[in-house]
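In: Need coordinates for the below:
(one chain, ligands or ions: 1)
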Amino acid sequence: MLARVPCALCGESDYRLLHDMGWRRVLRCARCGLIRADPLPSIEEKVAVETLGYTDETAYPEVRDFFKNCHRDFVDDPVIRGMRQTLADLEQALERPGTLLDVGAGTGIFMHLARERGWTTTGVDICPLTADKAAREFDVRITVGSFEQHDFDSQRFDAVTMLDVLEHVYDPLAALRRVHALLRPGGAVFIAVPNQRSLLTAVVDAYARAGGPWADKLLLRLYVAPHLHYFTPVTIRRLVDTAGFRLHTLQQGKVYLGRYRLSPVLRIPLEMILAAGAAVGMNARLGVLAVKQ
Ligand SMILES: [Zn+2]
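Out: Okay, the predicted model is just below:
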């Protein structure tokens, strides 16, 4: 038995080892295919790792500029346009803007963009530093704490968004069931996660299995410490089905490298692999819109 913790999606405890990185292993459920980190961090370790991204600029050097555009004078880059498209998709599915809960609201820029389009927004995030900053920058109020435990005063929302959140949670099925409970009947959830069935992941996985000389460094960048689960189109679809949603759309999306700080040695091959992945339907991101039945 590789791990005693049952799979968060199907409850099975039979895993296949994908990678052993020393400090962490990457396992795939033998039954449903959901991929997870093992061991999962303690809550103290998780908070420390997540906070590091905000407090230590050297912790994740490639993404240290990622949030630099999240201020009131932001430039209309592909990430911002992607957020606006998400809001437009929700407005189409629901026929109009309504009440929106952004889980993992972070910088608050998504709430700001939503409000501009007529949504009434509520945000929740585990990080007090980012919530304070969001309040100052965008005048949005973000509740600090665990979205799974906060009761939201029995409020029911028209839409819930989880942008780059589900891969960070211990129990993604429990999180989606919580989303389901917080939505009104007919309400919609939008989930954005990295796509584990991307060409980039396939290339790094194959390179690591072949024992390439930079395998450890590449695995560390792909299977980053804050991510606890890794989703494919198959497993994310099963997850939303099991949580009681009807899948509306499952789309793939590109990663915008303009916000990443990369040396040319990394950037050029990365751009080539991402472009090839897009051409063969193995993009680096997944976007799921699902409706509460
Ligand atoms: Zn499973």
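
In: For the ion, see how far away residue 43 is.
Out: When distances are taken as Cβ to the ion, to the nearest Å, residue 43 and the ion turn out to be 23 Å apart. No exception for glycine: its C-beta is placed from N, CA and C like everyone else's.

In: Number the chain from 376, please
Out: All right, first residue 376 from here; so that's residue 418.

In: got the residue ranges for the strands in the protein?
Out: Applying DSSP state E to the chain gives strands spanning 390-395, 400-404, 410-413, 474-478, 495-500, 517-519, 532-538, 558-569, 604-605, 620-628, 660-667.

In: For burial, what's the neighbour tally of the residue of the stretch 426-575 of the chain found nearest the ion?
Out: Evaluated by Cβ to the ion, the stretch 426-575 of the chain has residue 548 as its residue closest to the ion, separated by 9.9 Å. The number of residues packed around residue 548, counting by other Cβ atoms under 10 Å, is 21.

In: for the residue nearest to it when sequence neighbours are not counted, phi and psi?
Out: Spatial nearest neighbour of residue 548, chain neighbours left out: residue 383 (5.4 Å); criterion: Cβ to Cβ, 6 or more residues apart in numbering. Main-chain dihedrals, residue 383, degrees, to the nearest 10: phi -70, psi -20.

In: Same question for the one 3 residues further on.
Out: Dihedral angles phi and psi of residue 386 (degrees, to the nearest 10) take the values phi 80, psi 0.

In: Could you measure from it over to residue 583?
Out: Note on residue 386: its distance to residue 583, by Cβ to Cβ, to the nearest Å, is 29 Å.

In: check contacts around the residue of the chain positioned farthest from its centre.
Out: Most distant from the centre of the chain: residue 588, at 29.3 Å, with distances by Cα atoms, centre = their mean. Contact partners of residue 588, counting by Cβ atoms under 8 Å, 6 or more residues apart in numbering, are absent.

In: can we see that at 10 Å?
Out: Contact criterion Cβ atoms under 10 Å, 6 or more residues apart in numbering gives residue 582 as the residues in contact with residue 588.

In: Residue 539 now?
Out: When contacts are counted by Cβ under 10 Å, 6+ apart, residue 539 touches 479, 481, 566, 567, 568, 569, 601, 602, 660.

In: And the third one, how close does it get to residue 465?
Out: Right, the one you point to is residue 566. 12 Å.

In: shared neighbours, these two?
Out: By the contact definition Cβ under 10 Å, 6+ apart, residue 566 and residue 465 are jointly contacted by 535, 536, 664.

In: how about the residues of this protein that lie near the ion?
Out: Taking Cβ under 5 Å from the ion as the contact definition, the chain meets the ion at 382, 384, 385, 387, 404, 406, 407, 409.

In: Kindly recompute the last result at 8 Å.
Out: By Cβ under 8 Å from the ion, the residues of the chain that approach the ion are 381-387, 404-409.

In: Let me have those in JSON lines, extended by neighbour count.
Out: As requested, the residues of the chain next to the ion are exported to JSON lines (neighbours: other Cβ atoms under 10 Å):
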{"residue": "381", "neighbour count": "12"}
{"residue": "382", "neighbour count": "24"}
{"residue": "383", "neighbour count": "21"}
{"residue": "384", "neighbour count": "23"}
{"residue": "385", "neighbour count": "18"}
{"residue": "386", "neighbour count": "11"}
{"residue": "387", "neighbour count": "13"}
{"residue": "404", "neighbour count": "22"}
{"residue": "405", "neighbour count": "14"}
{"residue": "406", "neighbour count": "14"}
{"residue": "407", "neighbour count": "17"}
{"residue": "408", "neighbour count": "18"}
{"residue": "409", "neighbour count": "26"}
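
In: of all these, which comes closest to residue 525?
Out: Minimum distance to residue 525 across these is 20.7 Å, recorded for residue 383 (Cβ to Cβ).

In: show me what contacts the closest one?
Out: With Cβ under 10 Å, 6+ apart as the criterion, the residues that contact residue 383 are 404, 407, 409, 411, 415, 544-550, 603-604, 614.

In: Show me which of those residues are buried.
Out: With burial judged by 16 or more other Cβ atoms under 10 Å, the buried subset of the contacts of residue 383 is 404, 407, 409, 411, 415, 544-545, 547-548, 550, 603-604, 614.

In: Quick check: of the shared contacts of residue 566 and residue 465, which has the highest neighbour count?
Out: Note: the member of the shared contacts of residue 566 and residue 465 with the most neighbours is residue 536, at 29 neighbours, neighbours being other Cβ under 10 Å.

In: State the pLDDT value of that one.
Out: Confidence per residue is given as pLDDT, and for residue 536 that number is 98.
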